[in-house]
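> My questions concern the predicted model and sequence given below.
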Amino acid sequence: MQETARRSPLPSACSPTHPVLSLYSLHQISCTLTLHLELEWLTRYGYLPQPDPWAAHLQTREEFTSAIKTMQRFAGLPTTGELDQKTLAMMNKPRCSLPDIIGTSELMRRRRRKRRYALSDSVWKKTDLTWKVHSFPSASRLSQEHIRNIIYYALRAWSNASALTFREVSSDQADILVDFTQSYHQDSYPFDGPGGTLAHAFFPGEHPISGDTHFDNEETWIYDPDNVLPGRGTDLFAVAVHEFGHALGLSHSSAKESIMIPYYQGPVGLPHQYQLPPDDVMGIEQLYGEKLNLPQENKRTHNYQTPTARPIPDLPPYQPTLGPRLPSPDRCKAHFDAIANIRGEVFFFKKKYFWRMQPARNLVSLEPAQTLRFWNGLPQDFKAIDAVYERANDSRIVFFIGPYYWVFSDTRVNPGYPRHSSELGLPPGTVIGAAFVWPHNGKTYLLEKDQYWRYDDQLGHVEPGYPKPVTLWKGVPPDLDDVTRWNDGNTYFFKDAQYWRFTGGNVESDASYPRATAQDWMFCQGPQASSPSPVPRQGEGGMCICSGASLKAIALLPCILASIWAVC
């Protein structure tokens, strides 16, 4: 669809070197207004805490930069921490109304319809769900039957990948009510007209609005599976599949191929042929179980190219039987083989499985997922992952198994892999047991038992002067399971059932460590049931530093815009 610009890009002159003609010059006000919009955007989508009208929250430069970096990692952009053109362009893309990071602030609890992403409140207690299109677009080239067809196939994408079934009903008590509405419509997620926010849906739960899905009536909704009408409207099927993911309990994903990325990417193909990407199949299976095996005679085939006005076909009969599941490891025993921060999420690998922690510090599921179903370029017979890390220079993911390594672009293995670790400049036969990028300097570190190398991802070779002893990192044992960074800027070392925290650029672990991994990261019962604090406390770091035009603009917001945001 045509992406209408809703914000002016940050002027290149918004820098400390620009001559400020007057404190209230048009240039300064323009910069301030631009930053106000971006601050508002970062808050709306969960990257900054919601301002408290009863207390002046001091927005520091570090918090603002950290929020931009988190947004950039989630969107797959270079993590510059600056409002560069790529970042601003992404912020201006049409997208879903829901936050990308839910739970890091009071954002969802401030809504009239209270919502939080947690397993106990984000899964339907049944698998046979009902739906109804409650209202249709007031002006659309799509007929009502055409829209019903599209909605049917969007839901079918999820039932084809899980134990869910969907039935259309005439009652307003349907589990999923679909409405086309606009502007303020009594749910605290107002639409903003053409472009901008496209739709939103509410997570499962017991509230009457749970599962309901709203589309902006002012968008031009079209059916364009082959993308022959670029810029003429928004493909309803692509947006509907995304929103129904929320209605079933899935949050936004940072995986580029996922239908649950928050930004509109255009049509996804013919509805009756569409299949969910692996990331989304894994997510919906974890919530509701795998697709039931249906008798061959009950499977339907479709030969037409576009949905036409027709009755919605019945779904195959429900058969509550599941195939046997392979035994999976116990997360509460810790002893993870590898741990990595990938796209701002932390992955805990154990044997052939992994758990996934989102930036809001929620586990996607208490049950693990199979690694080969996510990264299927790894060897089928591998026993365990030795180390994983995300490269800082190109966001590609590197896996180490034995003396070999693989490089992935998202979930696809790059051509020419595996390769021997000696190609990285390591001694022949080296088995990397831990790998991480240190936030303090952006350098990559590769560890083997009691020694480590610093690796230059740009040059593709270890740096001279290495290896060095792991004992230079004071307070941790040798032969670590893995090391990873968290979104608080700190680094965490893991060994057996314990972990150590290194704050900032310190090379000595914090005094109150080690702590229990299972209790703090896996939400298991134990004597140390408090989890790590990945998000700095509000106001931590002191007053905001007003140096440079950008930060002056932040400081001037209360003065020029009368906004209760920061006090400097």
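Cool, got the structure.
> Any chance you could list what contacts stretch 137-144?
Stretch 137-144 is contacted from outside by 133, 136, 147, 150, 180, 215, 217, 220-223, 236, 309, using Cβ atoms under 8 Å, 6 or more residues apart in numbering. Just so you know, the C-beta spots here come from the backbone N, C-alpha and C atoms, and that holds for glycine as well.
> Leaving out the residues flanking it, which one is nearest to residue 478?
In space, and not counting its chain neighbours, residue 478 is closest to residue 450: 3.8 Å by Cβ to Cβ, 6 or more residues apart in numbering.
> Break this structure into its domains for me.
Listed domain ranges for the chain are 26-102+548-561, 108-292, 331-521 (source: automatic domain parsing).
> ok, back up a step: how about the contacts made by the residue nearest to residue 478?
469-471, 478-479.
> can you rerun that using 10 Å?
467, 469-471, 477-480 (Cβ atoms under 10 Å, 6 or more residues apart in numbering).
> Tell me the one of the residues you listed nearest residue 274?
residue 480 (43.3 Å; Cβ to Cβ).
> Roughly how far does residue 153 sit from residue 168?
Residue 153 sits 12 Å away from residue 168, going by Cβ to Cβ, to the nearest Å.
> Mind checking which of these two has more residues around it?
residue 153 (21 against 18; other Cβ atoms under 10 Å).
> Can you verify that one is assigned to a helix?
Yes: assessed by DSSP: H, G, I helix; E, B strand; the rest coil, residue 153 belongs to a helix.
> wait, it sits on residue 271?
Yes: between residue 153 and residue 271 there is a contact under Cβ atoms under 10 Å: 3.5 Å.
> Please enumerate the helices of the chain.
26-44, 61-75, 85-91, 144-159, 236-247, 278-288, 371-374, 517-521, 549-561 (DSSP state H).
> pLDDT below threshold where in the protein?
1-36, 50-59, 102-121, 293-327, 526-568 (pLDDT under 70).
> swap the cut-off to 50 and go again
1-30, 53-57, 104-120, 294-325, 528-568 (pLDDT under 50).
> contacting residues around the closest residue to residue 364 other than its chain neighbours?
Nearest residue to residue 364, sequence neighbours excluded (Cβ to Cβ, 6+ apart): residue 356, at 4.5 Å. Listed by Cβ under 10 Å, 6+ apart, the contact set of residue 356 reads 279, 282-283, 286, 342, 345-348, 362-365, 368-369, 374.
> do the same with residue 176
124, 129-134, 151, 155, 166, 168, 201-202, 204, 210-213, 243-244, 247-248.
> can you check residue 282 too?
161, 255, 258, 276, 356, 364-365, 369-370, 373-374, 411.
> mind redoing it with 6 Å?
The contact partners of residue 282, taken as Cβ atoms under 6 Å, 6 or more residues apart in numbering, are 369, 373.
> Tell me the spacing between it and residue 359.
Residue 282 is 18 Å from residue 359, where distance means Cβ to Cβ.
> repeat for residue 48
Residue 48 sits 13 Å away from residue 359, going by Cβ to Cβ.
> now do residue 169
Taking Cβ to Cβ, one finds residue 169 at 37 Å from residue 359.
> neighbour-wise, which of those two wins?
Taking neighbours as other Cβ under 10 Å, residue 169 and residue 359 compare with residue 359 leading, 26 against 12.
> Give me the neighbour count for residue 173.
With other Cβ under 10 Å as criterion, residue 173 counts 9.
> Backbone dihedrals for it, please?
Main-chain torsions, residue 173, degrees, to the nearest 10: phi -90, psi 10.
> number of nearby residues for the residue nearest to it when sequence neighbours are not counted?
Nearest non-adjacent residue to residue 173, counting by Cβ to Cβ, 6+ apart: residue 130, 8.0 Å away. Residues lying near residue 130 (other Cβ under 10 Å) number 18.
> got the contact list for residue 130?
By Cβ under 6 Å, 6+ apart, the residues touching residue 130 are 167, 169, 174-175.
> ok, now residue 93?
residue 263.
> how near is it to residue 198?
10 Å.
> Ok, residue 455 next?
Computed as Cβ to Cβ, the residue 455 to residue 198 distance reads 42 Å.
> Then residue 429?
To residue 198, residue 429 is 53 Å away according to Cβ to Cβ.
> Repeat that for residue 426.
Note on residue 426: its distance to residue 198, by Cβ to Cβ, is 48 Å.
> repeat for residue 232
15 Å.
> For these two, indicate the residue with more neighbours.
More crowded of residue 232 and residue 198, by other Cβ under 10 Å: residue 198, with 26 against 12.
> can you pull the contacts of that one?
Counting by Cβ under 6 Å, 6+ apart, residue 198 makes contact with 94, 216, 219, 239.
> how about 10 Å then?
1, 94-97, 191-192, 214-216, 219, 221, 234, 236, 238-239, 242-243, 263-264.
> Mind checking which of those are buried?
Buried by 16 or more other Cβ atoms under 10 Å: 1, 94-97, 191, 214-216, 219, 221, 234, 236, 238-239, 242-243, 263-264, out of those.
> Wait, residue 206 touches residue 125, no?
Yes: applying Cβ under 10 Å, one finds residue 206 in contact with residue 125, separated by 8.9 Å.
> ok, residue 441 - how many residues close by?
Residues near residue 441, counting by other Cβ under 10 Å: 10.
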